[in-house]
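Q: Quick one: sequence plus predicted model below, questions after.
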Amino acid sequence: MGNKQSLETNAKVRDGLLTFIILNCENSSAFPGYAQNHEEVIKIHDGHKLTVSVDYNGKTEKVSCDYYKNSVWNKGVIQHEFVQSIDTCTIKLGSSSPKSPKYNDFIFNINQYNQGEIIRLLIKEVNSSSADNDGQTTMDGANPEQPGDDSVVLNILFTTNLKTLKESNSIIKPTRNSNDHLSIMQSFDDLDNGDIILYSGSSPISEIIRDRFYRPWSHVGVVIKTYPFINHIKGQELSEEPVLYVMEAVGKETIKDPFRKNQVLTGVNIFNLKDRIKEYEGYNVQAIKLAQKFTERQKERYLTNCFEMHGARLPFDVFQAAILLLERLKKWNWTSDRSVFCSELATICLYRAGVLTDCENCPSNTDPGEVSEFLCFKNSPIRHLKYDI
């Protein structure tokens, strides 16, 4: 659903400046009552923007994004002329929504953080009982504090010299086979069967999907960890280690399915995960791990179902996806064994593995964001795998 991208945002990122890259905001606290009535509460900031501004040396620069649950900025780059003698700036989180909480300003000391690493900033509401922003954490796991009912986490990366960072062995790397296209790329070697990959595209259909479901993702796939296909005719040797793949229900793609001799244009395909992430044309790819790894029995069920659906060459379900996008008409929206769309595929795979509840098993009535909120992913962090700058 919304996997194919054709548009890019050409942000003018310059070297030699104080650069902040605003990634995403973990803002579940801004949607009170979500657990009891998520279909209505998810809409409370509809049509509004979430904005981050950075005040430095008397100047203010800001970037905005649509106000969703777990909002993600599309190339959220803020730059200032760097002054060696000025080592602090003020980061402000605001919104155009009248129902949004008001947040304290965050005083950011450049010398206290490592450049080129994703930093978690715990930002508390103005009326918070503990209004001092002392919960500043980084992604190294030293203090894995999660946002509470009166706070959000803003994930950022900063540097005072982007050129040096690009030339070093950092997480900023060229993607899409171009040294001109840079992305934040993070390791994903610890992903396993049943984890999910969430995509944010920039095409018009991707934007429609996000606006319809009020979440930052337009497409989803499931991770498969298995041994690669070996072509003995070409003299390929058996692999000693399993490889990470992602299975998706897609529209037309240029990337090849290594498990198919004859490629199919649409529908259920399996892609090498590294290649898929690097060459994905959208601006953001994230992952969520299962809260508990599959048991051996669950893994066997999962892999059997995945390859059964893959072998059936199920096409992409345009009809059902369109119905879900237009309106959740459950009397019309039924699960089909002849075609699937992306979140339908993910739901079926996870249910047949035995990790979803019966209430969650509504494959053709589930959007990509809802897959991320299945109970089997509860309390698992949303991780960045690729983010375009």
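A: Looks like it arrived, so ask away.

Q: Tell me if I'm right that Glu248 and Ser343 touch.
A: No: the pair Glu248 and Ser343 does not pass the contact test of C-beta atoms under 8 Å, sitting 10.2 Å apart. Every C-beta, even on glycine, is put in place using the N, C-alpha and C of the backbone.

Q: Which one of those two is surrounded by more residues?
A: Summary of the neighbour comparison: Glu248 and Ser343, criterion other C-beta atoms under 10 Å, with Ser343 having more neighbours (29 against 26).

Q: Spit out the contact partners of the more buried one.
A: Contact analysis of Ser343 by C-beta atoms under 8 Å, 6 or more residues apart in numbering lists Met1, Val220, Pro363, Thr366, Asp367, Pro368, Glu370, Val371.

Q: Restricted to strands, list these.
A: Among the contacts of Ser343, DSSP state E puts Val220 in strands.

Q: In helices only, show me the contacts of Ser343.
A: Residues from those lying in helices, with DSSP state H as the criterion: Pro368, Glu370, Val371.

Q: Closest one of those residues to Cys65?
A: Nearest to Cys65 among the ones in helices among the contacts of Ser343, counting by C-beta to C-beta, is Pro368 at 17.1 Å.

Q: so that closest one makes contact with Gly221?
A: No: contact status for Pro368 versus Gly221: not in contact, 9.5 Å apart, counting by C-beta under 8 Å.

Q: Comparing those two, which residue is more hemmed in?
A: Set side by side, Pro368 and Gly221 show unequal neighbour counts under other C-beta under 10 Å, the larger going to Gly221 at 31 against 27.

Q: tell me which residues form a beta bridge with the more buried one?
A: Judged by DSSP bridges, the bridge partners of Gly221 are Ile197.

Q: Then the one 4 residues further on?
A: Note on Lys225: beta-bridge partners Leu244, judged by DSSP bridges.

Q: Against Asp195, how distant is it?
A: 9 Å (C-beta to C-beta, to the nearest Å).

Q: between these two, which one's more packed in?
A: Using other C-beta under 10 Å, the more surrounded residue of Lys225 and Asp195 is Asp195, with 25 against 18.

Q: check contacts around the residue lying closest to the more buried one once chain neighbours are set aside.
A: With C-beta to C-beta, 6 or more residues apart in numbering as the criterion, Asp195 has its nearest non-adjacent residue at 4.3 Å, and that residue is Val223. The neighbourhood of Val223, defined by C-beta under 8 Å, 6+ apart, consists of Leu191, Asp192, Asn193, Gly194, Asp195, Ile196, Ile197, Leu244, Tyr245, Val246, Leu273, Ala287.

Q: these two touch, right, the third one and Arg301?
A: No: using C-beta under 8 Å, Asn193 is not in contact with Arg301, being 10.4 Å away.

Q: which of these two has more neighbours?
A: Using other C-beta under 10 Å as the criterion, Asn193 and Arg301 rank with Asn193 on top: 23 against 18.

Q: Enumerate every residue touching the closest residue to the more buried one other than its chain neighbours.
A: The shortest distance from Asn193 to any non-neighbouring residue, by C-beta to C-beta, 6+ apart, is to Lys225 (5.0 Å). Lys225 makes contact with Leu191, Asp192, Asn193, Pro242, Val243, Leu244, Tyr245, according to C-beta under 8 Å, 6+ apart.

Q: same deal with Asn70?
A: The neighbourhood of Asn70, defined by C-beta under 8 Å, 6+ apart, consists of Asn24, Cys25, Glu26, Asn27, Ser28, Arg215, Pro216, Ser372, Ile382.

Q: ok, it to Ile288 distance?
A: Distance from Asn70 to Ile288, counting by C-beta to C-beta: 10 Å.

Q: Find the residues that touch each one of these two.
A: Residues touching both Asn70 and Ile288 (C-beta under 8 Å, 6+ apart) are Ser372, Ile382.

Q: Can you list the neighbours in contact with the host helix or strand of Thr51?
A: Using DSSP states H and E, the element containing Thr51 is strand 49-56. The set of residues external to strand 49-56 that reach it, using C-beta under 8 Å, 6+ apart, is 18, 20, 22, 25, 27, 60-67, 71, 73, 76, 78, 80, 86, 89-97, 100, 108, 154.

Q: So in the protein, where's the weakest helix or strand by average pLDDT?
A: Ranked by mean pLDDT, DSSP states H and E, the helix or strand of the chain with the weakest confidence is strand 137-138, at a mean of 43.

Q: For the stretch 1-150 of the chain, give me the ranges with low pLDDT.
A: Flagging of the stretch 1-150 of the chain using pLDDT under 70 yields the residue ranges 1-12, 129-145.

Q: in it, which spans are strands?
A: For the stretch 1-150 of the chain, applying DSSP state E, counting those that start in this stretch gives strands covering 18-26, 49-56, 59-66, 72-80, 88-95, 106-109, 119-124, 137-138.

Q: ok, and which of the ones you listed has the densest surroundings?
A: strand 18-26 (a mean of 24; mean count of other C-beta atoms under 10 Å).

Q: What count of nearby residues applies to Val264?
A: Using other C-beta under 10 Å, the number of residues around Val264 comes to 16.

Q: ditto for the one 5 residues further on
A: Taking other C-beta under 10 Å as the neighbour definition, Asn269 ends up with a count of 27.

Q: With Asn361 instead?
A: For Asn361, the count of nearby residues is 16 (other C-beta under 10 Å).

Q: Find me the pLDDT at it, would you?
A: In this prediction, Asn361 carries a pLDDT score of 93.

Q: Which residue, neighbours along the chain excluded, lies closest to it?
A: Tyr351 (4.7 Å).

Q: tell me the secondary structure for that neighbour?
A: With DSSP: H, G, I helix; E, B strand; the rest coil as the basis, Tyr351 sits in helix.

Q: And it, how far from Ala35?
A: Computed with C-beta to C-beta, the distance linking Tyr351 and Ala35 is 21 Å.
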